[in-house]
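Q: predicted model, plus sequence, below.
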Amino acid sequence: MTDIENLRQRIARLKRELGAVVVAHNYQRPEVQDIADITGDSLELARRCTQLDSQVVVFCGVRFMAETAAILNPERTVLLSEADAGCPMADMLTADELREWKRRYPDAAVVCYVNSLAEVKAESDICCTSANGLQIVESLPNDEILFVPDQNLGHYVSTQTKKHVILYPGFCYVHHRIKPEQIEMARRLHPEAEVLVHPECQPGVIALADAALSTSQMLRYVKASPHQSFVIVTEEGLLHSLRRQNPDKSFYLLSGSQICDDMKKTTLETVARTMELKRNIITIPEDIRLGAKRAVERMLAVT
Ligand code: 13P
Ligand code: SF4
């Protein structure tokens, strides 16, 4: 039996013993996505985590995603597949810093991208994901919006609303470093392909794309599209599901640097060890959890 098959069987046995469900984000390694019971984008995973009946949730992704599961499910044990897997963008804003920004803009409603610390969600009026930013902003009565922490998603939303959107200057290094010239080059190399970008990309990149979509929206878009080839401008992990669901279509990346190091920290070995040791349990102080829960549930009620 191969090492991978061995690990797959070990994880299947641990799932039965713990009564656990394994949840994986679309950016996870292919072999990790393959052992997951549920895969999806941040919005889908947040929603699915409210509908589980298992006592233990093993979250293969980064810390803020596992925190969202724990925020919504205090009665369940949520294990993060790899303790060190964080999101550098989420770490760019603390609750203290957000309180300072709120003092500067007292009339603004705070819309917080889920890629954020639990303490930041607790200070926010409502959360959003890359799939529903505009819908969330439009659902609010305020004309002024303080959008944190991703400046690029916030800017993309601001181009589609009449509201005044104030941008906190956070960013995702994986998407922010992509340059418009790379899109132009990809168009020259693959003139027949549609270009799909994640809204965490810079405005100049989004302007050159055919669509700006969350990861699961890209999966749905490609399935429905009559086109045969696509340039995919997000983390390369998405290619696994894209190829599996569309074996007759072609996918191109811009470069070899579309990799989120934190997403790749989870391996089959770390998943198995985490389950065996019941380690990396997500705990959130109750006052913060309740504040964050209000912001996440308000988002789920809108979308
Ligand atoms: P999605 O919610 O679109 O999957 O994005 C999550 C993320 O971390 C993007 O960098
Ligand atoms: Fe965070 Fe970017 Fe990685 Fe997504 S891809 S988890 S935003 S660092």
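A: That came in fine, so what should we check first? Ligands and ions are numbered 1, 2, ... in the order given.

Q: contact residues of the protein facing ligand 1?
A: Neighbours of ligand 1 within the chain, by Cβ under 6 Å from any ligand atom: 26, 41-42, 115, 129-130, 172, 198, 200, 214-215. Every residue, glycine included, has its C-beta placed from N, CA and C.

Q: please name the residues that touch the residue positioned nearest the centre of the chain.
A: Taking Cα atoms, centre = their mean, the centroid of the chain lies closest to residue 42, which sits 4.1 Å from it. Residue 42 makes contacts with 25, 65, 68, 114-115, 129-131, 214, as judged by Cβ atoms under 8 Å, 6 or more residues apart in numbering.

Q: same question for residue 66.
A: Per Cβ under 8 Å, 6+ apart, neighbours of residue 66: 59, 78-80, 282.

Q: so it: helix, strand or coil?
A: helix (DSSP: H, G, I helix; E, B strand; the rest coil).

Q: what's the distance between it and residue 287?
A: 19 Å (Cβ to Cβ, to the nearest Å).

Q: related to what we said a few turns ago, looking at the contacts of residue 66, which are in helices?
A: Judged by DSSP state H, the subset of the contacts of residue 66 located in helices is empty.

Q: residue 156 - how many residues pack around it?
A: By the criterion of other Cβ atoms under 10 Å, residue 156 has 25 neighbours.

Q: now residue 167
A: For residue 167, using other Cβ under 10 Å, the count is 18.

Q: let me see the contact set for it.
A: 147, 151, 154-155, 158.

Q: name the member of these with the most neighbours.
A: residue 147 (28 neighbours).

Q: am I right that that residue is in contact with residue 164?
A: No. Counting by Cβ atoms under 8 Å, residue 147 does not reach residue 164; the two are 10.5 Å apart.

Q: give me the phi and psi angles of residue 22.
A: Dihedral pair for residue 22: phi -100, psi 130, per degrees, to the nearest 10.

Q: rewinding a little: need the buried ones from the residues of the chain next to ligand 1 selected in PyMOL.
A: A single PyMOL command selects the buried members of these (16 or more other Cβ atoms under 10 Å):
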select buried, resi 26+41+42+115+129+130+172+198+200+214+215
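
Q: no more questions from me, cheers.
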